[in-house]
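In: Test case, fold it:
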Amino acid sequence: MPADTPTRIPGLRRLGIPTTMPSTGGTPRPTVVQIGDSIPESTYWHLSTVLRKTPHYENQYYLSLNGYLKTIFPEEQLYGVAPQHIIRPSLDADDIDEFQLAELSFTSTGGVHESRFQAGHERGKKIPDFTIIRVRPTSLNMYNKFFVCILEVKRDEVSKSHAIDQLLSYLLAMRDHSRHDPDAPGILLEGRKCSVWRLVDDEVFGTNIDVVDEFDVLDEIDAETGLDKLTALLADISCKHWDRADF
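Out: As a prediction, the model looks like this:
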């Protein structure tokens, strides 16, 4: 190699200043079955093996779940699978009036927050295990983000009441951001048991969450698609937002 030839690190050229915006819709919207069939057998095997072993720690689910979720919510379709994503508390209109504009922070999910340049710790942050997000570029260097759903992982069903309280707080925090699916579910995975929850508003009792489905991830099949129920649920959510651009 000549002495004046610059050394190029493979792939690094893609990390420079972008010159084009990515498309908001990479491929035509597939069916739920097509998404399920696109998941590699190795991905199914890895997740199934972890679920059957009942790990001692919740984070032992993360590797297999992350790969599984990424096949259902692909990056080329501008989905993002965000482990431990922070949902910051969004200020309501009355609170906003107490701040100067320079003291506020505006996020890509449509939330309004107290600026992190302010002194002290930010209270009320929520950190679900997995947050599924869809991204829409608005310029070469800017984008909006849209909350699609939340998945919380527990090792078993021992702490279910605490897990339900966590899901409620996550869904409420997500709803305070303007860019979210109002019907977005909170999915609770406790070992091989899965439950699906949604917010319910009641004039008397206020806002709570109700379970809309419960199943064994490894043993129950969706009658309509022939897929396992977890894959059918997530693939249906992915199809719903596949080419969404209204946020």
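
In: Got the domain ranges for this structure?
Out: Per automatic domain parsing, the structural domains of the chain span 41-87+126-240, 89-124.

In: what's the closest of the ones you listed to P22?
Out: Of all those, domain 41-87+126-240 sits nearest to P22, with 5.9 Å by Cβ to Cβ. C-betas here are computed from N, CA, C, even on glycine.

In: The residue lying closest to M21 once chain neighbours are set aside: neighbouring residues, count only.
Out: In space, and not counting its chain neighbours, M21 is closest to P137: 4.6 Å by Cβ to Cβ, 6 or more residues apart in numbering. Neighbour count of P137, defined by other Cβ atoms under 10 Å: 17.

In: ok, P137 - contacts?
Out: 21-22, 24, 78, 143 (Cβ atoms under 8 Å, 6 or more residues apart in numbering).

In: does V217 really touch L227, like I thought?
Out: No. Using Cβ atoms under 8 Å, V217 is not in contact with L227; the gap is 11.5 Å.

In: what packs against the longest helix seen in the chain?
Out: Longest helix of the chain, by residue count under DSSP state H: helix 160-175. If you count contacts as 3 or more Cβ pairs under 8 Å, 6 or more residues apart in numbering; DSSP states H and E, helix 160-175 packs onto strand 143-154, strand 186-190, strand 193-202, strand 206-216.

In: if you average pLDDT over the shortest one, what comes out?
Out: Predicted confidence along strand 186-190 averages 94 (mean pLDDT).

In: Give me the helices and strands touching that strand, please.
Out: Packing partners of strand 186-190 (3+ Cβ pairs under 8 Å, 6+ apart): strand 143-154, helix 160-175, strand 193-202, helix 229-240.

In: Likewise for the last one?
Out: In this structure, strand 206-216 packs against helix 160-175, strand 193-202, helix 229-240, with contacts taken as 3+ Cβ pairs under 8 Å, 6+ apart.

In: by how many degrees do it and helix 229-240 diverge?
Out: Interaxial angle, strand 206-216 versus helix 229-240 (axes from the mean of the first three to the mean of the last three Cα atoms, to 10 degrees): 120 degrees.

In: Looking at the helices and strands packed on strand 186-190, spot the one closest to Q34.
Out: Nearest to Q34, of those and by Cβ to Cβ, is helix 229-240 at 8.4 Å.

In: lowest-confidence helix or strand of the chain?
Out: helix 93-96 (a mean of 58; mean pLDDT, DSSP states H and E).

In: So what's the residue count around A245?
Out: A245: 13 neighbours (other Cβ under 10 Å).

In: ok, now how distant is it from L230?
Out: Taking Cβ to Cβ, to the nearest Å as the measure, A245 falls 27 Å from L230.

In: A82 now?
Out: A82 sits 19 Å away from L230, going by Cβ to Cβ.
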